[in-house]
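Colleague: Here is my input, please return the structure:
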Amino acid sequence: MRHHERVSQSSRPVADPLSIAALDTERHVAASGWDQNPRLFALVPTADLLEREPHLRAGMHGSDLAEGALSAIEQENLPPTSNLESLLGGIAWPEAVVGAALAVERIVVPPEAERDLPVHAQSAVDALAAHPARQDVRLLVAVTRDGQSRCLLRQRAHDSDDQVALGDDIAPGLVHALRATLQD
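Modeller: Numbers count the residues shown, from 1 in each chain. This next block holds a predicted model:
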């Protein structure tokens, strides 16, 4: 596990620890560009992390050190998979992890593009990927054990930190699946 470095502060007026951690984590992922595999992060209280790893304090400032702050620790070497549900279904977090975040890229098309798709799954994916109105998006979903959630959506066509949508229910299916990894 590795603590990611601080990414730039949001220009949005968010102050709650989960939103700050989600925005920082999304920017960390965005710094690596597009066409990435899913990336998974454990969310831990920064105070607990600094207690175990005091040398990290030198790289932290501002909201990193605020009461209740959360730090994202990337879970490296995830097995490649085309089935996100099976990946998440095999994950369980220790009690020290108070939340989790998942970054995943998707193709979004208008509803009418989904009509008359080929029956074969790979042919349908190919048809959607070739659709002229397709939009590439990256979702970052962050959840906590106490039921909070934040969803961020970045479009490739509007790839700018000030164009990231923030909400609680942008991706309800991913929120539910990620929340299930935190249940005993």
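Colleague: mind listing what Arg106 touches?
Modeller: 136-139 (CB atoms under 8 Å, 6 or more residues apart in numbering). For every residue, glycine as well, the C-beta is placed using N, CA and C.
Colleague: before we move on, what SS does it have?
Modeller: State at Arg106, reduced to three classes by DSSP: H, G, I helix; E, B strand; the rest coil: strand.
Colleague: That one and Gln155: what is the separation?
Modeller: Using CB to CB, to the nearest Å, Arg106 is found at 11 Å from Gln155.
Colleague: Just the buried residues of stretch 121-135, please?
Modeller: 127-128, 131 (16 or more other CB atoms under 10 Å).
Colleague: Could you dump those into JSON lines with distance to Ser63 added?
Modeller: Compiled in JSON lines, these are given as follows (distance: CB to CB, whole Å):
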{"residue": "Ala127", "distance to Ser63": "44"}
{"residue": "Leu128", "distance to Ser63": "39"}
{"residue": "His131", "distance to Ser63": "40"}
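Colleague: So which of these are in helices?
Modeller: 127-128 (DSSP state H).
Colleague: wait, which of the buried residues of stretch 121-135 is closest to Gln148?
Modeller: Leu128 (32.1 Å; CB to CB).
Colleague: So that closest one sits against Val108, correct?
Modeller: No. Contact criterion CB atoms under 8 Å: Leu128 and Val108 do not qualify, at 9.2 Å.
Colleague: overlap in contacts of those two?
Modeller: Joint contacts of Leu128 and Val108 (CB under 8 Å, 6+ apart) are Arg134.
Colleague: Now do the longest helix along the chain: which elements does it pack against?
Modeller: Longest helix in the chain, counting residues (DSSP H): helix 17-30. Applying 3 or more CB pairs under 8 Å, 6 or more residues apart in numbering; DSSP states H and E, we find helix 17-30 packed against strand 39-45, strand 70-75, strand 99-108, strand 135-144, strand 149-155, strand 165-167.
Colleague: Go through those and name the closest to Val29.
Modeller: Of all the helices and strands packed on helix 17-30, strand 99-108 comes closest under CB to CB, at 4.4 Å.
Colleague: could you give the angle of the closest one to strand 39-45?
Modeller: Taking axes from the mean of the first three to the mean of the last three CA atoms, to 10 degrees, one finds that strand 99-108 is oriented at 150 degrees with respect to strand 39-45.
Colleague: tell me the mean pLDDT over strand 99-108?
Modeller: The pLDDT scores in strand 99-108 average 93.
Colleague: Tell me which strands that strand pairs with, and in which orientation.
Modeller: strand 39-45 (antiparallel), strand 135-144 (antiparallel) (DSSP bridges).
Colleague: Could you dump the ones you listed into JSON lines with distance to Gly33 and mean pLDDT added?
Modeller: Shown next, in JSON lines, are the strands paired with strand 99-108 (distance: least, CB to CB, whole Å; pLDDT from 0 to 100):
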{"stretch": "strand 39-45", "distance to Gly33": "12", "mean pLDDT": "97"}
{"stretch": "strand 135-144", "distance to Gly33": "10", "mean pLDDT": "96"}
